[in-house]
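Visitor: For reference, the sequence and a predicted model appear below.
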Amino acid sequence: MNSKVNMLTRRRVLKGVLAGSAVTVGLPVLDCMLNENGNAFAATGAPLPTRFASWFWPLGLGEAEWRPTTTGANYEMPTGLEPLKPFQKRMNLFSGSQVFLDGVANQTHFTGMQGLMTGKTTASGDYFNSVDGVIADRISSRNRFKSLVASCNGDPKASWTAFAGGKVPAETSPMAMYTRLFGPEFADPNSATFVPDPETMVRRSVLSSVSEDRKSLDKWLGAGDKQKLDYYFTALRSLEQKLDIQLEKPTPLPSCKRPDALTDDGHPVSLASEAMARHDLFAALFAHALACDQTRVANINISQGMTELRREGDTTSHHSLTHEEPIDQKLGYQVKCAWFQQLYFKGLHDFATTLDSIQEGDGTLLDHMMVFAYTDHGAPRIHSLLNYPMITIGGANGQIKTGNHLATPGESATRVTLTIQQAMGVPVSKWGAGVNQATVPVSGVLA
């Protein structure tokens, strides 16, 4: 192997200058960075990193359309999860568990999430150290970004990510997220006064600004890595072109008021289709950030639990429909609500597909990570804390077994989140407090 290639480590980036400021573009895992088996970095012997993504959708699932009748492998994929069927062998479906109130009143859309994500329910609005935050502290504290959090409906409060200091507001603008990932190296992404400059990308593409460095890198690479880099840059160029469209001033919607603090493409949206179009942009950006090790934890939120997203041509929101729409007596679920759930899960399928399209050594990015999909309630119509639907997709670098429906009826949902933390390498033997405390992971999951 060329000695120069031996110097190409995981931290190698492409550098350039854009509008007078230094920019960097991270590289995906190239074959020349790896050992002969494709499962560790040649320079250090370190294994490929394990990454994590959380994915929140609102208002649960109609029970008759999602809970399989059998457990274990080879279960029949229920109607409500049909978009995920291509990933059935690479996902786990958890059903039956619940969040216990533990003596406190149920604050709809919050208490269940408090119990599920932080391990305890309290009478206050305390929300600290969520599961994804704990995982980020463990696996991503040395990366450029400890975690990335996005909301697709334009509400920065639509976030369930929290560290010791409390909740992390979600980014609502794909353009602002793009600027955080590709903008000037020394801009503080956490500064309260941080203002992205969308005109920067219009004046000149970030990818164009690093073209000379990319040409010098190409001289070191073999045909396979050149092809991988071409594919990677083509995908990023396509994303830049989509973001260009986001710079156009959106058409005002009578039902929404645009906050002054948000950038053009971060405005609140009322159509579910608009939120999912924004979801796809965030998903592509997060796939890049994870592949290039800018972060090892990313979090996508479709909206807050009490969502106002609606279907085009219908003035009733998804949340209102869960209360007002009768259950179809033949099908056993609310048909209009099911339309939203199918749309959301089509987005989850596309996110997983994007992650699976990125080759990393002996597998794909999806093989080397876990996506945890969760929601705020069980049955949508009654907003229950029972029978929570939870899903994981991906092999977590071989740390979990996949392809199963795992039912834990009547047990605390924290057993699932304890299992997830252990799979992600968090040294925890128990999780939660009071009745919601879990000490035993779900059997049949950890490898």
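Guide: Received it, and whenever you're ready, just let me know what you need.
Visitor: Every contact and neighbour count from this point should use C-alpha atoms.
Guide: Noted.
Visitor: just for the stretch 201-350 of the chain, where's the confidence low?
Guide: The stretch 201-350 of the chain contains residues with pLDDT under 70 at 201-205, 244-265.
Visitor: residue ranges of the helices in it, please?
Guide: 206-209, 211-218, 223-246, 272-291, 318-324, 335-356 (DSSP state H, counting those that start in this stretch).
Visitor: which residues of this protein fall in strands?
Guide: 13-18, 21-26, 51-56, 72-73, 91-95, 148-151, 162-163, 166-167, 297-301, 359-360, 363-364, 369-374, 390-393, 404-407 (DSSP state E).
Visitor: Format the ones you listed as TSV; extra columns: distance to R310.
Guide: Supplementary listing: these in TSV, determined by distance: least, C-alpha to C-alpha, whole Å:
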stretch	distance to R310
strand 13-18	40
strand 21-26	37
strand 51-56	17
strand 72-73	36
strand 91-95	27
strand 148-151	16
strand 162-163	28
strand 166-167	27
strand 297-301	16
strand 359-360	37
strand 363-364	35
strand 369-374	20
strand 390-393	24
strand 404-407	31
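Visitor: Worst mean pLDDT among the ones you listed?
Guide: Here the strands of the chain differ in mean pLDDT, and the lowest is strand 13-18 at a mean of 69.
Visitor: can you pull out the helices in the stretch 51-200 of the chain?
Guide: Under DSSP H, counting those that start in this stretch, the stretch 51-200 of the chain gives helices at 111-118, 131-139, 174-182, 199-203.
Visitor: Buried deepest among those, which one?
Guide: helix 111-118 (a mean of 26; mean count of other C-alpha atoms under 10 Å).
Visitor: Alpha carbons of it, as PDB, please.
Guide: C-alpha atoms of helix 111-118 as PDB (Å, rounded to 0.1, in the frame of the first residue of the first chain):
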ATOM      1  CA  THR A 111     -45.500  12.000  31.400                       C
ATOM      2  CA  GLY A 112     -45.100   8.900  29.200                       C
ATOM      3  CA  MET A 113     -42.100  10.500  27.400                       C
ATOM      4  CA  GLN A 114     -40.600  11.500  30.700                       C
ATOM      5  CA  GLY A 115     -40.800   7.900  31.900                       C
ATOM      6  CA  LEU A 116     -39.700   6.300  28.700                       C
ATOM      7  CA  MET A 117     -36.800   8.600  27.900                       C
ATOM      8  CA  THR A 118     -35.500   9.600  31.400                       C
END
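Visitor: Out of the helices of the stretch 51-200 of the chain, which is closest to T50?
Guide: With C-alpha to C-alpha as the criterion, T50 lies closest to helix 131-139 of these, at 7.8 Å.
Visitor: counting contacts, what elements does that closest one pack onto?
Guide: Contact partners of helix 131-139 among helices and strands, from 3 or more C-alpha pairs under 8 Å, 6 or more residues apart in numbering; DSSP states H and E: strand 51-56, helix 111-118, strand 162-163, strand 297-301, helix 414-423.
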